[in-house]
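Engineer: Below are the sequence and a predicted model; questions follow.
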Amino acid sequence: MRPFANPLTSARLIAAFVFGVGLMFGTGPLPSAKAAGLSGTWSGSGVMRLNSGGSERVRCRVKYFRQSSTTFSMDARCASGAGRLTQSGSLVKTSASKYQGTVFNAQHGISATVYVTLRGRRQSVYITSAGGTGSFALRKR
């Protein structure tokens, strides 16, 4: 049995999460050595919580590509009981190890705000959208 009555709502919230991982806007310079830490492939899992109730486990693989000393593009693929999603976006550093921004999933027409905290080879991700919230732990592969 699926945890959500409406799989499309679940898929849209998951899509919003993953795109939320993508666009981050911030200020301040980013040292090149630290910026390079985000580049590469990250994977992990987390939980999406719908405002209407219920939750769902989600697995993701995210690839980050350096665009400048403070910005990265990204591609993400996620899967849950509601299906598979593919997203892309960009990130900007906001402080020593944090990223923040907005992403959009064209497949479902969903946008979200995402907050990423980088700690070495681990990443904590929090997402918020009109449909709910999510939290994820990713590790560098």
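Structural biologist: The structure has been received and is ready for your questions.
Engineer: pull the helix or strand with minimum mean pLDDT from the chain.
Structural biologist: helix 32-35 (a mean of 39; mean pLDDT, DSSP states H and E).
Engineer: Next secondary structure element downstream of that one?
Structural biologist: strand 40-50 (DSSP states H and E).
Engineer: The next helix or strand along the chain from that next one - which strands sit beside it in the sheet, and in what orientation?
Structural biologist: The helix or strand immediately downstream of strand 40-50 is strand 55-66, counting by DSSP H and E. Paired neighbours of strand 55-66 in the sheet (DSSP bridges): strand 40-50 (antiparallel), strand 71-80 (antiparallel).
Engineer: Now do the buried residues in the first one.
Structural biologist: Going back to what we said before, that points to strand 40-50. Residues of strand 40-50 classed as buried by neighbour count (16 or more other CB atoms under 10 Å): 42, 44, 46, 48, 50. For every residue, glycine as well, the C-beta is placed using N, CA and C.
Engineer: Farthest-apart pair in those, please.
Structural biologist: Trp42 and Leu50 (24.5 Å; CB to CB).
Engineer: Check what pLDDT Ser129 gets.
Structural biologist: At Ser129, the predicted lDDT confidence score is 85.
Engineer: how deep is it tucked in, by neighbour count?
Structural biologist: 24 (other CB atoms under 10 Å).
Engineer: Quick check: beta-bridge partners of it?
Structural biologist: Gly132.
Engineer: Quick check: it vs Ser88, distance?
Structural biologist: Using CB to CB, to the nearest Å, Ser129 is found at 17 Å from Ser88.
Engineer: And Ser68, by the same measure?
Structural biologist: Using CB to CB, Ser68 is found at 17 Å from Ser88.
Engineer: Repeat that for Tyr99.
Structural biologist: With CB to CB as the criterion, Tyr99 and Ser88 are 15 Å apart.
Engineer: okay, the two: which has more neighbours?
Structural biologist: Between Tyr99 and Ser88, Tyr99 has the larger neighbour count (other CB under 10 Å), namely 27 against 17.
Engineer: And the helix or strand where the more buried one lies, what does it pack against?
Structural biologist: Applying DSSP H and E as the criterion places Tyr99 in strand 98-105. If you count contacts as 3 or more CB pairs under 8 Å, 6 or more residues apart in numbering; DSSP states H and E, strand 98-105 packs onto helix 7-20, strand 83-95, strand 110-119.
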